[in-house]
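> what shape does this take:
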Amino acid sequence: MLTAPSISHIPARMVLLAVIPLLLAASDDTWRQLAAHDVAFAKGLASQQVRYGSDFEQVVQGRVARCRKIDGKVTELDAATLRQIDLFCEHLCMPWVDAWAAALAPCESEPVPSWCDDRSELDRHIGFGPYFEVLASAVRDASDPLERYNIMAVIADRLDHSLTRDYPYRALDHGVGLVLMEYMRSASIDETLSVARLLYSSASFGRRSEVARQLRTYAAASTTLSAAQRKELEECARSVAEKP
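Sure thing, here's the model as predicted:
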């Protein structure tokens, strides 16, 4: 059963108190707004020529708690780095915690609704799909390759979170496949390989998954892939055993 987020940044009880007015099942608008925050984060980093990944995580580590800057830990930072941390807190961290806390709050009450323990029913109730629809549109419309990459890196990061790791696999696979398809329309071969590695390091997409199908389609259609690049894409597309 999925439970309300208890990320180290914010204790679950504090999150729930902060979102009492929102303690309802998440609506399509909730997930669209969450995706818009993720896009704003990706775009904000790209505007500073910052690539979202392990180097950026080192900037945040030890300087953020409960999705807020730790004042004593940021006083020596320059304005650009402070802006990056603000982007993380305001767009990547807090909206995610708030949205899931609101969506899953009923699962922490008694009696627990049946959808909390039933994957197919949970997916129908939570309705996470609009999140990916917004991200797919953002990837399609963005002109900056770094912004597009950062959106995909955010998705990979989300897939590695406990909430999405426990979410119905097929729904996530469909959503990520939708965004990946848009990304690969204009991404370079190296960018596509980089994103494929990111996605497969964060989630176990099986060989029959939509994500794997998109990679195979790309590999088959490309006339410029080297033998090594084609092999790597094909290995990504068949590397993980199918999940239920």
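> could you count how many residues lie near Ser109?
10 (other Cβ atoms under 10 Å). Yep, even glycine has a C-beta here, placed from its N, CA and C like the rest.
> if you could redo that for Ile126, that was the one I meant.
Ile126 has 21 neighbouring residues, counting by other Cβ under 10 Å.
> that one contacts Ala102, doesn't it?
No: the pair Ile126 and Ala102 fails to qualify as a contact (Cβ atoms under 8 Å) at a distance of 10.8 Å.
> hey, where'd the helices end up in this protein?
With DSSP state H as the definition, the chain shows helices at residue ranges 12-18, 28-47, 54-60, 71-74, 79-87, 94-104, 119-126, 129-141, 145-159, 162-165, 169-186, 189-202, 210-221, 227-237.
> got those helices as TSV, with distance to Glu110 and mean pLDDT columns?
Written out in TSV, the entries for the helices of the chain read as follows (distance: least, Cβ to Cβ, whole Å; pLDDT from 0 to 100):
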stretch	distance to Glu110	mean pLDDT
helix 12-18	15	35
helix 28-47	24	96
helix 54-60	37	93
helix 71-74	39	91
helix 79-87	39	96
helix 94-104	15	93
helix 119-126	18	84
helix 129-141	29	97
helix 145-159	30	96
helix 162-165	21	81
helix 169-186	27	94
helix 189-202	34	90
helix 210-221	37	90
helix 227-237	44	84
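> deepest of those helices, which one?
Between the helices of the chain, the one whose residues have the most neighbours on average, counting mean count of other Cβ atoms under 10 Å, is helix 94-104 (a mean of 23).
> now the angle from that one to helix 129-141?
Using axes from the mean of the first three to the mean of the last three Cα atoms, to 10 degrees, the interaxial angle of helix 94-104 with respect to helix 129-141 works out to 150 degrees.
> packing partners for helix 94-104?
Here helix 94-104 is seen to pack against helix 12-18, helix 28-47 when contacts are counted using 3 or more Cβ pairs under 8 Å, 6 or more residues apart in numbering; DSSP states H and E.
> quick one: the longest one to chain centroid distance?
Read that as helix 28-47. With Cα atoms, centre = their mean, to the nearest Å as the basis, the distance from the averaged C-alpha position of helix 28-47 to the chain average is 10 Å.
> same check on stretch 147-156?
Here the centre of mass of C-alpha atoms in stretch 147-156, compared against the chain's by Cα atoms, centre = their mean, lies 8 Å away.
> how about the contacts made by Ser201?
Shown in contact with Ser201 (Cβ atoms under 8 Å, 6 or more residues apart in numbering): Ala156.
> tell me how far it lies from Ala65.
Applying Cβ to Cβ, to the nearest Å, one obtains 26 Å for the distance of Ser201 from Ala65.
> tabulate the helices and strands packed on helix 94-104 (CSV), appending distance to Val211.
Below are the helices and strands packed on helix 94-104 laid out as CSV (distance: least, Cβ to Cβ, whole Å):
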stretch, distance to Val211
helix 12-18, 30
helix 28-47, 18
